[in-house]
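Chemist: got a predicted structure plus its sequence, pasted below:
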Amino acid sequence: KQEVTQIPAALSVPEGENLVLNCSFTDSAIYNLQWFRQDPGKGLTSLLLIQSSQREQTSGRLNASLDKSSGRSTLYIAASQPGDSATYLCAAANQAGTALIFGKGTTLSVSS
Amino acid sequence: DARVTQTPRHKVTEMGQEVTMRCQPILGHNTVFWYRQTMMQGLELLAYFRNRAPLDDSGMPKDRFSAEMPDATLATLKIQPSEPRDSAVYFCASGPFSGTTGELFFGEGSRLTVL
């Protein structure tokens, strides 16, 4: 059974810092991995989707990597801003069209 | 701007009452998921449908929860009778799974409080 873990549960950084959020999964036979952002009281917004055949995806200041052999994914945020403050969740799908299994998220706080 | 729409956004009810939450998936998406989010457990899958047929509802307490898709534009999650432990945010998500990338899109959620 797939399990997804995110450490740390919370992270505080000053504005401008580059940071890395970590995600690990127990079953390396994943179909894809998706990173989401959740603002308080809101739904989840998809940030990046990495297919199992890919090693990384980039969108603006965000870069997500995937290492299936080690069961890890990282989300790199460059030049963090206060507007990046939110909870970031990663989720893995084991097969095409099956449900995503979520980690519990890392709550990021960026201070100005 | 296509999005998943959920109603109600907030619901406060008393224990024992029936609760129905509704979801309108993005037009053309053939797979619909129901998740529940709590502080303790995070996001848990309750059920999901492909082309309106239930594929997996193993995460759902069968004695009180039921999920249906009366048509391609509506998914419902019903709790009867509701209990305080059902208090959570319920999310609906949809995706265009048919050999495509598999990206999932979430609604804003229905926050349920059972007193």
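Modeler: Done, it's in.
Chemist: now for residue 75, how many residues are close by?
Modeler: Assuming you mean chain A. 24 (other C-beta atoms under 10 Å in any protein chain shown). All C-beta spots, glycine's among them, are computed from the backbone N, C-alpha and C.
Chemist: wait, I meant chain B there
Modeler: Residues lying near B:A75 (other C-beta under 10 Å) number 26.
Chemist: same thing with B:M40?
Modeler: 6.
Chemist: do the same with A:Q34
Modeler: For A:Q34, the neighbour count with other C-beta under 10 Å is 24.
Chemist: residues contacting it?
Modeler: With contact set as C-beta atoms under 8 Å, 6 or more residues apart in numbering or on different chains, A:Q34 has these partners: A:S46, A:L48, A:L49, A:I50, A:C90, A:A91, A:A92, A:A93, A:L100, B:E103, B:L104.
Chemist: contacts only, for the first one.
Modeler: With contact set as C-beta under 8 Å, 6+ apart, A:S46 has these partners: A:Q34, A:W35, A:F36, B:E103, B:L104, B:F105, B:F106.
Chemist: picking up where we left off before, give me the buried subset of the contacts of A:Q34.
Modeler: When the contacts of A:Q34 are checked for burial by 16 or more other C-beta atoms under 10 Å in any protein chain shown, the buried set is A:L48, A:L49, A:I50, A:C90, A:A91, A:A92, A:A93, A:L100, B:L104.
Chemist: helix or strand: which one has the fourth one?
Modeler: What that stands for is A:C90. Following DSSP states H and E, the helix or strand that holds A:C90 is strand A:86-93.
Chemist: give the bridge partners for residue 34, please.
Modeler: Answering for chain A, as no chain was given. When bridges are called by DSSP bridges, A:Q34 pairs up with A:L49, A:A91.
Chemist: chain B, not that one
Modeler: Applying DSSP bridges to B:W34 yields these beta-bridge partners: B:A47, B:C92.
Chemist: pretty sure it contacts B:A67?
Modeler: Yes: B:W34 is within contact range of B:A67, at 5.8 Å (criterion: C-beta atoms under 8 Å).
Chemist: compare those two and say which is more crowded by neighbours.
Modeler: Remark: of B:W34 and B:A67, B:W34 carries more neighbours, 25 against 21, as counted by other C-beta under 10 Å.
Chemist: for that one, give me its contacts.
Modeler: Taking C-beta under 8 Å, 6+ apart as the criterion, B:W34 is in contact with B:C23, B:L45, B:L46, B:A47, B:Y48, B:M60, B:A67, B:A75, B:L77, B:Y90, B:F91, B:C92.
Chemist: state the pLDDT value of the first one.
Modeler: Which is B:C23. Per-residue confidence (pLDDT) for B:C23: 98.
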